[in-house]
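Chemist: this is a predicted model, with the sequence first.
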Amino acid sequence: MKRVVITGAGTINALGHSVAATLAAMREGRCGISELDFRDVERLAIRIGGQVRGFEAEGRFNRQQMSLYDRFTQFTLTAAKEAIEQSGLEFHGELSAKAGVVLGNSGGGMQTLDENYRSVYEDGKNRVHPFVVPKLMNNAAAGHVSMQFNLKGPSFTVSTACASSNHAMAQAFQMVRSGMSPVMITGGSESMLCFGGVKAWEGLRVMSKDACRPFSANRNGMVQGEGAGIFVFEEYEHARSRGAEILCEVIGFAMSSDAADIVMPSKQGAARAISGALQDARISASEVGYINAHGTGTAANDKTECAAVADVFGPHADSLMISSTKSMHGHLIGGTGAVELLACIMALRDGVIAPTVGYEEPDPECALDVVPNEAREAKVDVALSNAFAFGGLNAVLALRRI
Amino acid sequence: MSTQDKVIAIIAEQAVLEPSDVTLDSTLEDLGIDSLGVVESIFAIEEEFDISIPFNANEPEKSEFDISNVAAIVAGIDKLVLEKA
């Protein structure tokens, strides 16, 4: 089996329009959640989110591109450019033929859906733009990344709600590890912060009206975010032979299904994914120094996740750090695992643990070191990234400092 | 139909029971309605009475709307309907 390393990272989210800006915000424990700003927001009961500010698609993309790129595609292309530029890779010949792009996404072009439903249902128009379908399809972003960077290998989109990005990155990892492809572009994106997108979530009655406070006893729900995180996964020798800068190594993953409930999380399902990732990476539990939690800030997720971690790690659960950066950038649904992987990279590479901000009261059911409110310096050799989706579909990745 | 009869009909349907099995002092838990069933019941009540019920599934005990038993739900609805009028 081949070793797999990350040689490029890119992002745009509520904390920043680049990896450097995002990591700086995480180090400062800055919260990117604020009042939402879009049409009909006054008809929502939930009016906060991690919205990307100051992102002007005009000027960045030409008129023809604008007619084809939903906001989730715009985010994806912006992050992919940053990641691929950092890697220094150019895709020609055999590399181009083998390299592909596997992305996670849940809602597809929800801004496009929202605008066009409004147009035909509310405004009574009988004609829509010819590119509504290619703009809103879930695989549009993956398609455009393949076209823009000349990636002619295996490309597709994975959709497993809140675990989409982790499932996608696990796929890309397998493809490189097995030798199927020397380089895969992977990660995920989401842009659901529009009237219909937030209204649908509002219906579940699990959203917070004021803040995302993972693991805090007074937590009262999740807060949505938007954006993208994109990475270059590269075979180790391929990266070394060209002298590429290596951010960290991806050493394992596991997926599991709760087979229990469509929305309520299961401790056993989560624990099986976490322990499965350790086995796949051939590491012992005591090597893990940091876990980027799924940590949604709902009553159910956080206590279930902490119980799963306690089960898998035993006494070592008390000496590892676990934080939820959703407290800062919100829950990016299908893109969330990708943005959260940046916190793992920061922990491994820079020795800085991103905090769980908004933490106010200890919860005996979440009695782990959740790195409350302030980032911490610590040397970490192995980090995990958890994602547990509606549908009971779980995916956990394991990474190592290099 | 009175508020009470309408609420009992909604809750009975959610619990897959006969309305006669639902009494004023029944709790939703007694009737076997789980957290997702509670959210669905509240939605059905909102639709039936054209009201908005403040309810967050993360902290049901902190909600201004008391769902501790059927009588409390009926009283809460009557109050919201009155406030709306």
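Modeler: Alright, I've got the coordinates.

Chemist: what segments of the stretch 201-350 of chain A are strands?
Modeler: With DSSP state E, counting those that start in this stretch applied, the stretch 201-350 of chain A shows strands at A:227-235, A:248-257, A:288-292, A:321-323, listed in chain order.

Chemist: export the ones you listed to CSV and tack on mean pLDDT?
Modeler: As requested, these are arranged in CSV below (pLDDT from 0 to 100):
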stretch, mean pLDDT
strand A:227-235, 99
strand A:248-257, 98
strand A:288-292, 98
strand A:321-323, 98
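
Chemist: deepest of these, which one?
Modeler: Per-stretch averages of neighbours, counted by mean count of other Cβ atoms under 10 Å in any protein chain shown, single out strand A:227-235 among the strands of the stretch 201-350 of chain A, with a mean of 31. C-beta coordinates here come from the backbone N, C-alpha and C atoms, glycine included.

Chemist: contacting residues around the residue lying closest to residue A:322 once chain neighbours are set aside?
Modeler: Nearest residue to residue A:322, sequence neighbours excluded (Cβ to Cβ, 6 or more residues apart in numbering or on different chains): residue A:291, at 4.3 Å. Residues touching residue A:291, when contacts are defined by Cβ atoms under 8 Å, 6 or more residues apart in numbering or on different chains, comprise A:309, A:320-323, A:383-386.

Chemist: could you pull up phi and psi at residue 13?
Modeler: I'll assume chain A. For residue A:13, the backbone dihedrals are phi -160, psi -180 (criterion: degrees, to the nearest 10).

Chemist: next, count neighbours for it.
Modeler: Counted with other Cβ atoms under 10 Å in any protein chain shown, the burial measure for residue A:13 works out to 33 neighbours.

Chemist: do I have it right that it meets residue A:228?
Modeler: Yes - in this structure residue A:13 lies within contact range of residue A:228 using Cβ atoms under 8 Å: 7.4 Å.

Chemist: which neighbours do those two have in common?
Modeler: Applying Cβ under 8 Å, 6+ apart, one finds that residue A:13 and residue A:228 are jointly contacted by residue A:339.

Chemist: and for residue 22, the neighbour number?
Modeler: Answering for chain A, as no chain was given. Around residue A:22 sit 30 other residues, with neighbours defined as other Cβ under 10 Å.

Chemist: let me rephrase: I mean chain B.
Modeler: Residue neighbour count, defined by other Cβ under 10 Å, stands at 21 for residue B:22.

Chemist: got it, and residue B:64?
Modeler: A count of nearby residues for residue B:64, using other Cβ under 10 Å, gives 10.

Chemist: pull the contacting residues for it.
Modeler: Contact analysis of residue B:64 by Cβ under 8 Å, 6+ apart lists residue B:54.

Chemist: how much space between it and residue A:241?
Modeler: Per Cβ to Cβ, to the nearest Å, residue B:64 is found 65 Å from residue A:241.

Chemist: same check, this time on residue A:303
Modeler: Taken as Cβ to Cβ, the span from residue A:303 to residue A:241 is 47 Å.

Chemist: who's more crowded, these two?
Modeler: Taking residue A:303 and residue A:241 together and counting by other Cβ under 10 Å, residue A:303 has the greater number of neighbours (18 against 9).

Chemist: distance of the closest residue to residue A:69 other than its chain neighbours relative to chain B?
Modeler: Spatially, and ignoring its direct neighbours in sequence, residue A:69 is nearest to residue A:61 (5.9 Å; Cβ to Cβ, 6+ apart). Residue A:61 sits 39 Å away from chain B when distances are taken as Cβ to the nearest Cβ, to the nearest Å.

Chemist: residue A:61 touches residue A:74, doesn't it?
Modeler: Yes - when contacts are counted by Cβ under 8 Å, residue A:61 is listed as touching residue A:74 (6.6 Å).

Chemist: and these two? Which one has more around it.
Modeler: Counting neighbours by other Cβ under 10 Å for residue A:61 and for residue A:74 shows that residue A:74 has the greater number, 24 against 17.

Chemist: so which helix or strand takes in that one?
Modeler: helix A:71-87 (DSSP states H and E).

Chemist: tilt between that helix and strand A:227-235?
Modeler: Using axes from the mean of the first three to the mean of the last three Cα atoms, to 10 degrees, the direction of helix A:71-87 lies 40 degrees away from that of strand A:227-235.

Chemist: tell me the buried residues in the next helix or strand after helix A:71-87?
Modeler: Counting by DSSP H and E, the next helix or strand C-terminal to helix A:71-87 is helix A:93-98. Judged by neighbour count using 16 or more other Cβ atoms under 10 Å in any protein chain shown, the buried positions of helix A:93-98 are A:95-96, A:98.

Chemist: does residue A:45 count as helix, strand or coil?
Modeler: Using DSSP: H, G, I helix; E, B strand; the rest coil, the secondary structure recorded for residue A:45 is coil.

Chemist: how close does it sit to chain B?
Modeler: With distances taken as Cβ to the nearest Cβ, residue A:45 is found 8 Å from chain B.

Chemist: pretty sure that residue sits against residue A:205.
Modeler: No - taking contacts as Cβ under 8 Å, residue A:45 lies outside contact range of residue A:205: 9.5 Å.

Chemist: more neighbours: the two, which one.
Modeler: More neighbours sit around residue A:205 than around the other of residue A:45 and residue A:205, counting by other Cβ under 10 Å; the figures are 23 against 14.

Chemist: what's the neighbour count on the closest residue to the more buried one other than its chain neighbours?
Modeler: Closest residue to residue A:205 apart from its sequence neighbours, by Cβ to Cβ, 6+ apart: residue B:57 at 4.4 Å. By other Cβ under 10 Å, 21 other residues sit near residue B:57.
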